[in-house]
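Student: Dropping the sequence and predicted coords here.
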2 protein chains.
Amino acid sequence: MNQALNFTITKKLEGTMARSGVISTPHGEIKTPAFIVGGTKATVKTLTNEQVIALGGQSVLANTYHLMLRPGAEVMAAAGGINKFMNWSGPTFTDSGGFQAFSLGMAYKKGIDTVSHSEKGDAAQAVHSSTQLAKVNDEGVKFQSHINGELLFMTPENSMEVQHAIAADIHMSFDEPTSPLAGRDYIKQAMDRTHRWAERSLKRHQELNAEHIQRGECLQALYGIVQGAREEDFRKESAQFLSQLDFDGYAIGGVFGYLEIPQVIQWVNEILPEDKPKHLLGLGSQPADLFLGVQYGTDTFDCVAPTRQARNGALFTYDGRINIRNARFCSDFSPIDSECDCYTCQNYSRAYINHLFRSDEILGLTLASIHNERFVVRTVDNIRDSIDDGTFFEYKKRFLERYYGPEQSTLFLD
Amino acid sequence: MNQALNFTITKKLEGTMARSGVISTPHGEIKTPAFIVGGTKATVKTLTNEQVIALGGQSVLANTYHLMLRPGAEVMAAAGGINKFMNWSGPTFTDSGGFQAFSLGMAYKKGIDTVSHSEKGDAAQAVHSSTQLAKVNDEGVKFQSHINGELLFMTPENSMEVQHAIAADIHMSFDEPTSPLAGRDYIKQAMDRTHRWAERSLKRHQELNAEHIQRGECLQALYGIVQGAREEDFRKESAQFLSQLDFDGYAIGGVFGYLEIPQVIQWVNEILPEDKPKHLLGLGSQPADLFLGVQYGTDTFDCVAPTRQARNGALFTYDGRINIRNARFCSDFSPIDSECDCYTCQNYSRAYINHLFRSDEILGLTLASIHNERFVVRTVDNIRDSIDDGTFFEYKKRFLERYYGPEQSTLFLD
């Protein structure tokens, strides 16, 4: 293909910003809306590629920060890129590494898993506090590797260089995320820097794509990242600014929870070019995220929470979440959810998975991950179908009322 | 079928005790010689059943001690037995729990994995020392649950009751293993007790089978366990004693390492009924175990070491073992072994598996387990073929010379 990426809108849902479509990449198509499966370190945690495909995963999103530290850009390039490295034949994304560079330096000597999400959020805030876990200036961000404490410096240019070595189909521009606790002044400062970095990311990306053309290789695509926190004027300014740059698509960062979606995503998507795909970064662990995200124009989601929760035993059912470790499941021989079509629910009982979790058996993590990931992927697939046949609002109401209960679901049913 | 088990010898290899055959059980056939896959807690560690089948696993061996403690015999019975509980459709074995009752009490408050193998061996010895981790008398063995410290009493009768609740196709009689450090007096005492327990196991087993017949259920099979350590007279006495009891097959316990196989297994198998299947307990982590075991009349093996070693990154190749975590594999894009036909070697590189191990990614454990288990299963399958076509000794020489080197391999090439 001549372009790095092609996006076709199949159907628009009247009175909303929702649409279905197809993103075409050199490694195949993604039918949208789609949930992109988390493959942070070039592996979907606990799953083989065949298991990812069987649960309906169309595409995988890996993380530049993690792969830059280990195995390193050189190994990724020597492998021939992420598809060959992890033997995944479908489309791939990489996140820019910005969020992790700001937030994971604090994990050194503690281990990533010991750093809570709120701490990670605070870390971005700490950039301009005395603790200074990561230091940012206009050139880039200086941070400590969470693996060995090495001091590293990441810039928009080297984020793009590493992303081109990883060679996913779709890259993200290097951005500065802000903590939900940041004040307007700092949000503005970080947003302006994110815009300058977007220009620099795009420039370096275009140079690297020119080299791909010379070598007869596939082009790679780049999404610009919209920031601006919960501030309407900043979000609109950010969308306006980025719209003028020739990105292949757009990602929306810094949206904290589904209650922000109807406002923030709408502000942004009313300005961004309608014909470009939109990605919502890091949201999708709540069914409400998925329905509201799509309703306000999101084409793709990524979120590692469904599989992280699975590894903690927190499993989705259509009637809400359960903790499979609970004693009441010890001799419950029904599947996690009798309406689920995943490998786990078709083959194993709650009692068995409870036993695996209580016995610290890894198969439990695998079976739980398959289930939760299938639950989310299938929900987005069903949302896509509901756009195509015009039943989106009926499906949304039925799903959310049952999942959250009639009272709480009114939060999402406008 | 009218019998719990049927064993047909297909081919005998002249001048040796090696034979190929078929064990028929209510859940299907096992072509022998066969490596039985370790499924200690009703799961083959890190693998789905489909992955076990794909690597050639014919049958799974679970452990009565572990399943008695968790999820418990009641849950296993309520599930309808181990096949339904773990959704495995093929033949199954259970170990009697004797070895674990003697050896795992010491793991309470430490975790099983913190107890080394030599410590476990010593624990059996400690039965008659002042530390008294497990107390044995003619009635049975008193021990602490390694999970919660609860004091438990296990007898031949309740081992059989638990095994019938687990409902594997092939059970083991309850025995008292001895430490390799035990003296002749204690070995004799433990062996005599093992014989009395064999009679009691068989009696209770036959009663439970009579109940199965009344309920129109499948019969279950029982193997007697031969003990006697490295003492020729005891081993022969043990084989003689057990031969007179109506077991469906025989297991040989307490063989420590391949160098003991040619003597101990020969002493025993020259006496045990030729037409009954013979199982070698807990050996098979060394290719030499497999070749020598078969040569001296072993039909089935079980050993969890290949997958435990896999989880530590120690992987089999036809040229000896490698540690995949080693830095030299960071950018080695060849498979673990280019002659291996396993899923892992067909799809992933050493560099990728090295990355997964260094990144503590669970998929690494899965891919490594698939490889090591396939390596052992395939080796035994090839040994079976080499009996059928009369090339056993050529295959043995070629394999062992390459794996151990020309010098060390002479230890096994008589």
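Tutor: Arrived safely, thanks for sending. Residues are numbered from 1 along each chain as shown, chains lettered A, B, ... in the order given.
Student: looking at chain A, which helix or strand is least sure?
Tutor: helix A:117-126 (a mean of 45; mean pLDDT, DSSP states H and E).
Student: Summarise which helices and strands whichever helix or strand comes after that one is packed against.
Tutor: Using DSSP states H and E, the helix or strand that follows helix A:117-126 towards the C-terminus is strand A:134-136. Where contact means 3 or more Cβ pairs under 8 Å, 6 or more residues apart in numbering or on different chains; DSSP states H and E, strand A:134-136 is packed against helix A:98-103, strand A:141-144. All C-beta atoms are positioned from the backbone trio N, CA, C, and that covers glycine.
Student: where does A:V377 land in three-state SS?
Tutor: The three-state label given to A:V377 by DSSP: H, G, I helix; E, B strand; the rest coil is helix.
Student: Format the helices and strands packed on strand A:134-136 as CSV; extra columns: mean pLDDT.
Tutor: Below are those laid out as CSV (pLDDT from 0 to 100):
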stretch, mean pLDDT
helix A:98-103, 79
strand A:141-144, 88
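Student: Next, the buried residues of the top helix by length along chain A.
Tutor: In chain A, ranked by residue count with DSSP state H as the criterion, the top helix is helix A:184-214. By neighbour count with 16 or more other Cβ atoms under 10 Å in any protein chain shown, helix A:184-214 contains the buried residues A:186-195, A:197-202, A:204-205, A:208-209.
Student: follow-up on the earlier one: turn the helices and strands packed on strand A:134-136 into a markdown table, columns for distance to B:C342 and mean neighbour count.
Tutor: As requested, the helices and strands packed on strand A:134-136 are exported to a markdown table (distance: least, Cβ to Cβ, whole Å; neighbours: other Cβ atoms under 10 Å in any protein chain shown):
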| stretch | distance to B:C342 | mean neighbour count |
| --- | --- | --- |
| helix A:98-103 | 34 | 27 |
| strand A:141-144 | 39 | 21 |
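Student: The ones you listed into JSON lines, with extra columns for distance to B:D302?
Tutor: Listed next are these as JSON lines, based on distance: least, Cβ to Cβ, whole Å:
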{"stretch": "helix A:98-103", "distance to B:D302": "44"}
{"stretch": "strand A:141-144", "distance to B:D302": "47"}
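Student: between those, which gets nearest to A:A288?
Tutor: helix A:98-103 (22.3 Å; Cβ to Cβ).
Student: what's that closest one packed up against?
Tutor: helix A:64-69, helix A:117-126, strand A:134-136, strand A:141-144, strand A:151-154.
Student: which of the residues in the third one are buried?
Tutor: If I follow you right, that is strand A:134-136. A:134, A:136.
Student: partner strands of that strand, parallel or antiparallel?
Tutor: strand A:141-144 (antiparallel) (DSSP bridges).
Student: before we move on, what about the last one?
Tutor: Each strand paired with strand A:151-154, and its direction, by DSSP bridges: strand A:141-144 (antiparallel).
Student: Please put the alpha-carbon coordinates of the strand it pairs with into PDB.
Tutor: Extracted in PDB, the C-alpha atoms of strand A:141-144 (Å, rounded to 0.1, in the frame of the first residue of the first chain):
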ATOM      1  CA  VAL A 141      12.700  13.900  29.700                       C
ATOM      2  CA  LYS A 142      15.400  12.500  31.900                       C
ATOM      3  CA  PHE A 143      14.500   9.500  34.000                       C
ATOM      4  CA  GLN A 144      15.800   6.500  35.700                       C
END
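Student: Three-state assignment for the closest residue to A:L219 other than its chain neighbours, please.
Tutor: Distances taken as Cβ to Cβ, 6 or more residues apart in numbering or on different chains place A:A4 nearest to A:L219, at 3.8 Å, with adjacent residues excluded. The three-state assignment at A:A4 reads coil, by three-state DSSP.
Student: Please report how far the closest residue in space to A:S359 that isn't next to it in sequence lies from B:H171.
Tutor: Setting aside the residues directly before and after it, A:S359 is nearest to B:K41 in space (Cβ to Cβ, 6+ apart), at 4.9 Å. Separation of B:K41 from B:H171 (Cβ to Cβ, to the nearest Å): 17 Å.
Student: got a pLDDT number for the residue sitting nearest the centre point of chain A?
Tutor: Of all residues in chain A, the one closest to the mean position by Cα atoms, centre = their mean is A:D302, 2.4 Å from it. At A:D302, the model reports a pLDDT of 97.
Student: how close does it sit to chain B?
Tutor: 18 Å (Cβ to the nearest Cβ, to the nearest Å).
Student: Correct me if wrong: that residue contacts A:L281.
Tutor: Yes. Using Cβ atoms under 8 Å, A:D302 is in contact with A:L281, at 6.8 Å.
Student: Now do the shared contacts for those two.
Tutor: A:D95 (Cβ atoms under 8 Å, 6 or more residues apart in numbering or on different chains).
Student: mind listing the helices in the stretch 301-414 of chain A by residue range?
Tutor: Ranges of helices in the stretch 301-414 of chain A, per DSSP state H, counting those that start in this stretch, are A:305-311, A:343-347, A:350-358, A:362-388, A:392-404, A:406-409.
Student: so which of these gets nearest B:E74?
Tutor: Going by Cβ to Cβ, the one of these nearest B:E74 is helix A:350-358, 11.2 Å.
Student: residues in contact with that closest one?
Tutor: Defining contact as Cβ under 8 Å, 6+ apart, one finds that helix A:350-358 is touched by A:313, A:324-326, A:329-336, A:344, A:361, A:363-364, A:367-368, B:41-43, B:70-71, B:75, B:79, B:85-87.
Student: What count of nearby residues applies to the closest residue to A:H171 other than its chain neighbours?
Tutor: Nearest residue to A:H171 in three dimensions, chain neighbours excluded: A:Q163, at 4.3 Å (Cβ to Cβ, 6+ apart). Each residue near A:Q163 was counted by other Cβ atoms under 10 Å in any protein chain shown, and the total is 33.
Student: I'd like the distance from the host helix or strand of A:Q163 to the chain centre, please.
Tutor: Assigned by DSSP H and E, A:Q163 belongs to helix A:156-166. Helix A:156-166 sits 18 Å away from the centroid of its parent chain (Cα atoms, centre = their mean, to the nearest Å).
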